[in-house]
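> Fold the following, please.
(chains A and B)
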Amino acid sequence: DAKTTQPTSMDCAEGRAANLPCNHSTISGNEYVYWYRQIHSQGPQYIIHGLKNNETNEMASLIITEDRKSSTLILPHATLRDTAVYYCIVLHSGTYKYIFGTGTRLKVLA
Amino acid sequence: DTGVSQDPRHKITKRGQNVTFRCDPISEHNRLYWYRQTLGQGPEFLTYFQNEAQLEKSRLLSDRFSAERPKGSFSTLEIQRTEQGDSAMYLCASSDRTGGKTTGELFFGEGSRLTVL
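Have a look, this model is predicted:
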């Protein structure tokens, strides 16, 4: 299973874009990048996923580098409710086994 | 669709006792996952099912842990002879694999918190 590396914590001012990086240098060609977040005492929540192309949905944007060795999750206008732990996961399309790391603790400041 | 439900939400037990957790996935979701989470850590993969078949079990899982999904619907996770180190949040999640293409979304329950005294 490809491993991911994320910063332990980040701060972001309310209303500004939050850019959360993830390194996955050992990713294989058929492995997807997924992002989840976990708000205190709740189960993780899906945000977005992608394979090669950049993706956008109502929650966030996912930018994947051309060599696919890293990606960035962008929350365009962070709010206090976005304070959570964000997990970057690399998923092999054949196993469907999601391995969570320790994630990035994002704190949105008023 | 009421989401993934887990029962009980909280369980306090004495060391050495057996405990069982139940997970009811979203209706017709064919994949079901169990995770364990301790304070400050990400969810740790335990096992997962596709329908009633247990496809993989973590090597970290001792023989005291067993999971079943007998009819491909609800699942149970049993811990025998509990130890204090088993104290954690046990999370269940389900997903749907439709038409050979994953939707990529795990739906998690609220978890079952176990405290072993």
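
> Residue of chain B closest to chain A, please.
Taking C-beta to the nearest C-beta, chain A has its nearest neighbour within chain B at B:Phe108, 2.8 Å off. The C-beta positions use only the backbone N, C-alpha and C, and glycine is treated the same way.

> Just the element for the nearest residue to that residue once chain neighbours are set aside, please.
For B:Phe108, ignoring the flanking residues on the chain, the nearest one in space by C-beta to C-beta, 6 or more residues apart in numbering or on different chains is A:Gly43 at 2.8 Å. Here A:Gly43 is covered by no helix or strand, with elements defined by DSSP states H and E.

> Was I right to think A:Gly43 contacts B:Ser112?
No - applying C-beta atoms under 8 Å as the test, A:Gly43 and B:Ser112 come out as separate, 11.0 Å apart.

> Name the residues of chain A found near chain B, please.
Applying C-beta under 8 Å from any C-beta of the partner chain, we find that chain A lies next to chain B at A:32, A:34, A:36, A:42-46, A:49, A:85, A:87, A:91, A:93, A:95-103.

> I'd like to know which of those residues are buried.
Taking 16 or more other C-beta atoms under 10 Å in any protein chain shown as the criterion, what is buried in those is A:32, A:34, A:36, A:43-46, A:49, A:85, A:87, A:91, A:96-101, A:103.

> re the thing from before, now for the residue of chain B closest to chain A, how many residues are close by?
Each residue near B:Phe108 was counted by other C-beta atoms under 10 Å in any protein chain shown, and the total is 22.

> What distance do you get for it to A:Tyr87?
Noted for B:Phe108: a distance of 12 Å to A:Tyr87, by C-beta to C-beta, to the nearest Å.

> Overlap of the contact sets of those two?
Counting by C-beta atoms under 8 Å, 6 or more residues apart in numbering or on different chains, the shared contacts of B:Phe108 and A:Tyr87 are A:Pro44.

> Grab the CA positions of stretch B:20-32 and hand them over as CSV.
Taking Å, rounded to 0.1, in the frame of the first residue of the first chain, the C-alpha atoms of stretch B:20-32 are listed here in CSV:
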residue,chain,number,x,y,z
THR,B,20,-19.8,-7.5,20.8
PHE,B,21,-20.5,-4.5,18.6
ARG,B,22,-23.1,-4.4,15.8
CYS,B,23,-23.0,-2.4,12.7
ASP,B,24,-26.0,-1.8,10.3
PRO,B,25,-24.7,-0.4,7.0
ILE,B,26,-26.6,1.7,4.5
SER,B,27,-29.1,-0.5,2.8
GLU,B,28,-27.7,-2.4,-0.2
HIS,B,29,-24.1,-1.3,0.4
ASN,B,30,-22.1,-4.4,-0.4
ARG,B,31,-18.8,-3.4,1.3
LEU,B,32,-18.5,-3.0,5.1
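
> And that stretch, what's buried?
By neighbour count, with 16+ other C-beta under 10 Å as the criterion, the buried positions of stretch B:20-32 are B:Phe21, B:Cys23, B:Asp24, B:Pro25, B:Ile26, B:His29, B:Asn30, B:Arg31, B:Leu32.

> Show the low-confidence segments of chain A, by residue range.
Low-confidence segments of chain A (pLDDT under 70): A:1-2, A:93.

> can you pull out the strands in it?
Taking DSSP state E as the criterion, chain A contains strands spanning A:9-13, A:18-23, A:31-38, A:45-50, A:55-56, A:61-64, A:70-75, A:84-92, A:104-109.

> Which strands or helices does the fourth one pack on?
Counting by 3 or more C-beta pairs under 8 Å, 6 or more residues apart in numbering or on different chains; DSSP states H and E, the packing neighbours recorded for strand A:45-50 are strand A:31-38, strand A:55-56, strand A:61-64, strand A:70-75.
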